[in-house]
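>>> here is the input, now give the coordinates:
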Amino acid sequence: VDIHGNPFLSGDFSGWIIVNGTLSISGNMKINGLVYAVNDLTYNGTGTGEIKGLAISQNVRDTTATAISSDDSTTTGNSRIKFNCDNLKPPPGAPIGFSVVPGSYRELSD
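Alright, predicted model coming up:
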């Protein structure tokens, strides 16, 4: 999944972005909440874009680690990732807890 520029109507996004794969974020967007990628996460922020909450990358499909650094030549401006526990709360309407429904998943072995 690629998110470019600032695609959110209000200018800021509040909630969870969960991707079952690779996530690439670039541009001057502000995200308040959880950013989670099962595989790689690439964050090339520009200007004053930021992630306030938590960014997680599991790298389960390959062995290349995700690296996000303010010294990265692709990150320009004042973009940041700032931990904020309050922004990790479930969005309105989302359940507070999760449970696995029997038969709704399948475990795969390598």
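
>>> for this structure, which residues score under the pLDDT cut-off?
Along the chain, the model assigns pLDDT under 70 to residues 65, 67-78, 108-110.

>>> change it to 90
For the chain, the stretches flagged by pLDDT under 90 are 3-15, 21-22, 24-30, 39-50, 57-81, 86-110.

>>> who are the contact partners of the residue nearest to the spatial centre of the chain?
With distances taken as Cα atoms, centre = their mean, the residue of the chain nearest its centroid is V35 (2.0 Å). Contact analysis of V35 by Cβ atoms under 8 Å, 6 or more residues apart in numbering lists I17, L23, I25, L41, I51, G53, L54, A55, I56. From N, CA and C alone the C-beta is placed, and that goes for glycine too.

>>> beta partners of it?
In this entry, V35 is beta-bridged to I17, A55, by DSSP bridges.

>>> cool, L41 as well?
Beta-bridge partners recorded for L41 (DSSP bridges): L23.

>>> now do the strands in this structure.
Ranges of strands in the chain, per DSSP state E, are 2-4, 12-19, 23-27, 30-37, 41-45, 50-57, 80-83.
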